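> Below is the structure, and that's it, no one-letter string:
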């Protein structure tokens, strides 16, 4: 994926996400309705940071945030690396927030966790459709 494609997809994802928020809903609301109790987040780039912030504001349990590069920032200081032995494997849902290499990350995560794995794009599209039905 070239840089133009990455930014286009990021902007489309954020636009749909903001549409959900403008209608008074959130990803946390959707997860709670789907009986999701705790999540893991893979990727702490632009979309990952916004997702962590939104879930924290709604007091939604985040078991881990995993990233190859990031060491944390003022919003979330407990970033773990993919090779970290301490990461909790018992999550209901792992959300991949990077838009590149999704299939590889999915394979990697499926070796460690038993819960569902979803891309942030798919999650936001699901939330958007769910919100539209209400």
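Ah, there it is. Since the model is a prediction, treat every value here as computed from it, not as a measurement.

> for the protein, what helix or strand is lowest in average pLDDT?
strand 79-80 (a mean of 73; mean pLDDT, DSSP states H and E).

> So which elements touch that one?
Under the contact definition 3 or more C-beta pairs under 8 Å, 6 or more residues apart in numbering; DSSP states H and E, strand 79-80 sits against strand 62-66. (Each C-beta comes from the backbone N, C-alpha and C, glycine too.)

> so how far is the strand it packs on off the chain centroid?
Centroid separation between strand 62-66 and its chain, computed with C-alpha atoms, centre = their mean, to the nearest Å, is 10 Å.

> for the protein, what's the longest helix?
Longest helix in the chain, counting residues (DSSP state H): helix 3-22.

> nearest spatial neighbour of the most centrally placed residue in the chain, skipping sequence neighbours?
Residue closest to the average C-alpha location in the chain (C-alpha atoms, centre = their mean): residue 95, at 3.7 Å. Spatially, and ignoring its direct neighbours in sequence, residue 95 is nearest to residue 41 (5.2 Å; C-beta to C-beta, 6 or more residues apart in numbering).

> same thing with residue 125?
Taking C-beta to C-beta, 6+ apart, and ignoring the residues beside it in sequence, residue 125 has residue 16 as its nearest neighbour in space, at 6.8 Å.

> One more: residue 98?
Nearest non-adjacent residue to residue 98, counting by C-beta to C-beta, 6+ apart: residue 43, 3.9 Å away.

> Burial check on that neighbour, number of neighbours?
As a burial measure, residue 43 scores 26 neighbours (other C-beta atoms under 10 Å).

> wait, what's in contact with it?
66-67, 96-98, 105, 120 (C-beta atoms under 8 Å, 6 or more residues apart in numbering).

> Roughly how far does it sit from residue 37?
In this structure, residue 43 and residue 37 are separated by 21 Å, where distance is defined by C-beta to C-beta, to the nearest Å.

> what does residue 13 give?
24 Å.

> more crowded one of those two?
Using other C-beta under 10 Å as the criterion, residue 13 and residue 37 rank with residue 13 on top: 21 against 14.

> In contact with the more buried one, which residues?
Contacts were defined as C-beta under 8 Å, 6+ apart; by that measure residue 13 touches 47, 99, 120-121, 124.
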